[in-house]
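[1] sequence unknown, structure follows:
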């Protein structure tokens, strides 16, 4: 136990921190270190996520905190997850534990009364709907086009035989769930034949003729917001990437848009006239 990191250091608070400060620090750390946000190093994120939860279990309980302040980790004792991380039911999400409550009031829930500024339920995003498991909220799915996901769309759907309009926010991701209070909607997105997407950034491949790459010039490239003119410098190599600021998808949280990245590939001619061959031979002599 002596080798364990100090619980206050884990949450980034002082030993004199109030219960509210500890709760806010936990919210921030839990969201930042959730393993789903660290796919490249998930094992380390899971370890950190467990430490954050363990620290909160001790420091959010006045008796456990008092014992910890006096005797350190030895005073905390026992399994910090035994009582339930949010004062209620326990469950599993991948290789780590989480817990929650469906009773009224705060109940020690550090996410209680949070306003995330969008229609997404934070537990739908991070815990796959555990908060609503006991309430048996109906779940439905809908498929939308790539552009509808980028720009947002209003759809008319039939729920239990009743037609209603639903608004799907711009920038929604594949597999996201929207909480409409009386039902939960899973969103699937059809892939584009032109664009690729990574979060709010858009990628597109564009082929350019050899002459344009060599001499430079202006070209139109597609974006999700319409064609954009870009100017290429003389001697643009194949594989160059041009960044178009604010030409990506709408950002789901907050305002603004991502960027578009245009990957340029140079088309090499497969057949040449005698004059063209002669010209290329001259270029070859000059190592061009």
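    Looks like it arrived, so ask away. Every value quoted in this text rests on a predicted model; they were computed, and no experiment measured them. Numbering: from 1, shown residues only.
[2] where do the helices sit along the stretch 1-150 of the chain?
    7-11, 19-32, 42-59, 62-71, 73-76, 122-126, 146-151 (DSSP state H, counting those that start in this stretch).
[3] in JSON lines, list those helices along with mean pLDDT, distance to residue 266 and mean neighbour count.
    (C-beta placed from N, C-alpha, C; glycine too.) Below are the helices of the stretch 1-150 of the chain laid out as JSON lines (pLDDT from 0 to 100; distance: least, Cβ to Cβ, whole Å; neighbours: other Cβ atoms under 10 Å):
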{"stretch": "helix 7-11", "mean pLDDT": "90", "distance to residue 266": "52", "mean neighbour count": "20"}
{"stretch": "helix 19-32", "mean pLDDT": "87", "distance to residue 266": "42", "mean neighbour count": "17"}
{"stretch": "helix 42-59", "mean pLDDT": "86", "distance to residue 266": "38", "mean neighbour count": "20"}
{"stretch": "helix 62-71", "mean pLDDT": "85", "distance to residue 266": "64", "mean neighbour count": "14"}
{"stretch": "helix 73-76", "mean pLDDT": "67", "distance to residue 266": "62", "mean neighbour count": "16"}
{"stretch": "helix 122-126", "mean pLDDT": "42", "distance to residue 266": "42", "mean neighbour count": "17"}
{"stretch": "helix 146-151", "mean pLDDT": "94", "distance to residue 266": "27", "mean neighbour count": "20"}
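[4] can you redo those as TSV with distance to residue 166?
    Shown next, in TSV, are these (distance: least, Cβ to Cβ, whole Å):
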stretch	distance to residue 166
helix 7-11	38
helix 19-32	26
helix 42-59	33
helix 62-71	44
helix 73-76	47
helix 122-126	15
helix 146-151	12
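[5] residues contacting the nearest residue to residue 224 once chain neighbours are set aside?
    Excluding its sequence neighbours, the residue lying closest to residue 224 (Cβ to Cβ, 6 or more residues apart in numbering) is residue 150, at 5.0 Å. For residue 150, the contact set (Cβ atoms under 8 Å, 6 or more residues apart in numbering) comprises 170, 171, 197, 202, 224, 249, 250.
[6] separation between the closest residue to residue 14 other than its chain neighbours and residue 68?
    Nearest residue to residue 14 in three dimensions, chain neighbours excluded: residue 8, at 6.6 Å (Cβ to Cβ, 6+ apart). To residue 68, residue 8 is 9 Å away according to Cβ to Cβ, to the nearest Å.
[7] what do those two both touch?
    Here residue 8 and residue 68 share the contacting residues residue 59, scored by Cβ under 8 Å, 6+ apart.
[8] so who does the spatially closest residue to residue 199 that is not a sequence neighbour touch?
    Nearest non-adjacent residue to residue 199, counting by Cβ to Cβ, 6+ apart: residue 258, 6.4 Å away. Taking Cβ under 8 Å, 6+ apart, we find residue 258 in contact with 199, 200, 201, 202, 246, 248, 249, 251.
[9] what does residue 235 give?
    213, 214, 216.
[10] if I've got this straight, it is in a strand?
    No - counting by DSSP: H, G, I helix; E, B strand; the rest coil, residue 235 falls outside a strand, being coil.
[11] can you pull the phi/psi pair for it?
    Main-chain torsions, residue 235, degrees, to the nearest 10: phi 80, psi 40.
[12] check what pLDDT it gets.
    For residue 235, the model assigns a pLDDT of 89.
[13] list only buried entries from the contacts of residue 235.
    Buried members of these, scored by 16 or more other Cβ atoms under 10 Å, are residue 213.
[14] and of the contacts of residue 235, the nearest to residue 265?
    Set against residue 265, the nearest of these by Cβ to Cβ is residue 213 (9.4 Å).
[15] how about the secondary structure of that closest one?
    helix.
[16] let me know the pLDDT of it.
    So, for residue 213, pLDDT stands at 90.
[17] same check, this time on the one 10 residues further on
    pLDDT, the model's per-residue confidence, is 95 for residue 223.
[18] in this structure it contacts residue 261, no?
    No - judged on Cβ atoms under 8 Å, residue 223 makes no contact with residue 261 at a distance of 10.6 Å.
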